[in-house]
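A.B. asks: Return atomic coordinates for the entry below.
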Amino acid sequence: MPAVVRGGRRQSSNSAPKKTAKKRPPRGRAASGGVAAGKLRAVRGAGLPPGVTGAVALTVLVAGLGVTLFTGGRAEALGGAVGRAIDGRLAAVGFKLKRVHVQGASEHALPHVKAALGLTRDQPLAGMDLDALKARVEAVGWVKDAKVVRLLPDTLVVAVVERERLAVWQHQGRAVVIDADGEPIPEADPGRFADLPLVVGAGANEQAAAVLPFVRSRPRLMGRLEALIRVDERRWDLRLKDGSLIQLPAVGEDSALIQLDQLDQRARVLELGFARIDLRDPEMIAVRPRETRTVQAVAAAQVEG
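C.D. replies: Residues are numbered from 1 along each chain as shown. Predicted coordinates:
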């Protein structure tokens, strides 16, 4: 097919129209715009009067423009420079850290949480990395979970959930406080938690949460308890403060303690004292008394039962 002649120029019929390339904004402008937008989003949620918010927005835009001109459009340095400039501008109009409220932390955990935050008064608040702060707080042994909230213009709120203190675990000459999962809480001083039960031996930390509810539900026994000793990583011995020993089976600890309750109601063995009570056989309780009167009391109780 012959070519078509228009205006003295010859054009091929199968030539495709040229695509017009879209103009992209300079990389430096995009970087500075992203940083500025992030700062503005942080400011909008502050609940400030419209006039103040508008003034802050204008400050942010002026700071971004000034940094763009200063850097000559170099994208690598622009983002960080804009962030620092905007933080400085926001701090100048009152967006500085004045108060830090830590919620949910005990007196033991509070100093460690504050140290992990590492904040100082009058830091620029709008530019703080809340995710990084959260990670630092959750790295504290006391803390199970944390949430960090920025309340503009000048307050940071840190809400923590502490790990539950379960017991003091003693093993290989070392004592540590453990949580409900058996994990050590490194910052906790065992000497300050004498009210926690003592569990001893390899594997005692992992199994303590299973047996302690059975023991704690018996106040007469719990008040006399000195330690729970893990034997061969399969069962427990209960060592009382007077030196008495109660041997529990590998399974069915609750049923064995029910038998002990029944024996104590009949013979008051926990009051009279004994050398050893073997509860490992569910069909028979073996008692080794200390004194003659205890032998007679226990024997009479077993005959009556």
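A.B. asks: For residue 188, see how far away residue 174 is.
C.D. replies: When distance is defined by Cβ to Cβ, to the nearest Å, residue 174 is 13 Å away from residue 188. Where you see a C-beta, it was placed from the backbone N, CA and C, and this is true even at glycine.
A.B. asks: neighbour count winner among the two?
C.D. replies: For residue 174 versus residue 188, neighbours defined as other Cβ atoms under 10 Å are more numerous around residue 188 (22 against 9).
A.B. asks: Sticking with the nearest residue to the more buried one once chain neighbours are set aside, tell me its helix or strand.
C.D. replies: Once flanking residues are discounted, residue 188 sits nearest to residue 177: 3.7 Å by Cβ to Cβ, 6 or more residues apart in numbering. Take DSSP states H and E as the rule and residue 177 turns out to sit in strand 174-179.
A.B. asks: Export that strand to PDB, keeping only CA atoms.
C.D. replies: Extracted as PDB, the C-alpha positions of strand 174-179 are listed here (Å, rounded to 0.1, in the frame of the first residue of the first chain):
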ATOM      1  CA  ARG A 174      22.700 -21.000  91.100                       C
ATOM      2  CA  ALA A 175      19.300 -19.500  91.900                       C
ATOM      3  CA  VAL A 176      17.100 -17.500  89.600                       C
ATOM      4  CA  VAL A 177      13.500 -16.300  89.500                       C
ATOM      5  CA  ILE A 178      11.400 -18.000  86.800                       C
ATOM      6  CA  ASP A 179       8.200 -17.100  85.200                       C
END
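A.B. asks: Sheet partners, orientation included, of whichever helix or strand comes after that strand?
C.D. replies: Helices and strands here follow DSSP H and E; after strand 174-179, the next one along the chain is strand 198-200. Within its sheet, strand 198-200 is paired with strand 165-171 (parallel), strand 225-231 (parallel), according to DSSP bridges.
A.B. asks: Among these, single out whichever gets nearest to residue 193.
C.D. replies: strand 165-171 (6.2 Å; Cβ to Cβ).
A.B. asks: ok, and what's touching that closest one?
C.D. replies: 175-180, 182, 184-185, 188, 190, 193, 196-202, 204-205, 208-209, 212, 227 (Cβ atoms under 8 Å, 6 or more residues apart in numbering).
A.B. asks: Just the buried positions in it, please.
C.D. replies: Within strand 165-171, the residues that count as buried by 16 or more other Cβ atoms under 10 Å are 165-170.
A.B. asks: what does stretch 173-182 give?
C.D. replies: 176-179, 182.
A.B. asks: Tell me the span between the first and last residue of that stretch.
C.D. replies: One end of stretch 173-182 sits 17 Å from the other (Cα to Cα, to the nearest Å).
A.B. asks: Please apply the same query to stretch 272-288.
C.D. replies: End-to-end distance (Cα to Cα), stretch 272-288: 12 Å.
A.B. asks: So what touches that stretch?
C.D. replies: For stretch 272-288, contacts defined as Cβ under 8 Å, 6+ apart pick out 235, 242-250, 252, 255-257, 259-260, 263, 269, 289-291, 293-294, 297-298.
A.B. asks: Go through those residues and flag which are in strands.
C.D. replies: Taking DSSP state E, the ones among the contacts of stretch 272-288 that sit in strands are 235, 245-247.
A.B. asks: Identify the farthest-apart pair in these.
C.D. replies: Spatial extent of the ones in strands among the contacts of stretch 272-288 (Cβ to Cβ) is set by the pair 235 and 245 at 12.7 Å.
A.B. asks: just checking, what packs against the helix or strand where residue 101 lies?
C.D. replies: Assigned by DSSP H and E, residue 101 belongs to strand 99-103. Applying 3 or more Cβ pairs under 8 Å, 6 or more residues apart in numbering; DSSP states H and E, one finds that strand 99-103 contacts helix 110-117, strand 155-162.
A.B. asks: So which bits of that strand are buried?
C.D. replies: For strand 99-103, by 16+ other Cβ under 10 Å, it's residue 102.
A.B. asks: hmm, back to that, the strand holding residue 177 vs strand 165-171, what angle?
C.D. replies: Calculated by axes from the mean of the first three to the mean of the last three Cα atoms, to 10 degrees, strand 174-179 forms an angle of 160 degrees with strand 165-171.
A.B. asks: contacts for strand 174-179?
C.D. replies: With contacts defined as Cβ under 8 Å, 6+ apart, strand 174-179 is touched by 144, 163-169, 184-186, 188-190, 193, 196, 199, 205, 208.
A.B. asks: Let's see that with 7 Å instead.
C.D. replies: With contact meaning Cβ atoms under 7 Å, 6 or more residues apart in numbering, strand 174-179 is reached by 163-169, 184-185, 188, 190, 193, 196, 205.
A.B. asks: Reformat these as a markdown table; add pLDDT and distance to residue 149.
C.D. replies: Converted to a markdown table, those look like this (pLDDT from 0 to 100; distance: Cβ to Cβ, whole Å):
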| residue | pLDDT | distance to residue 149 |
| --- | --- | --- |
| 163 | 96 | 21 |
| 164 | 93 | 24 |
| 165 | 96 | 26 |
| 166 | 97 | 30 |
| 167 | 98 | 34 |
| 168 | 98 | 35 |
| 169 | 98 | 35 |
| 184 | 97 | 30 |
| 185 | 97 | 25 |
| 188 | 96 | 27 |
| 190 | 96 | 34 |
| 193 | 96 | 31 |
| 196 | 97 | 32 |
| 205 | 97 | 34 |
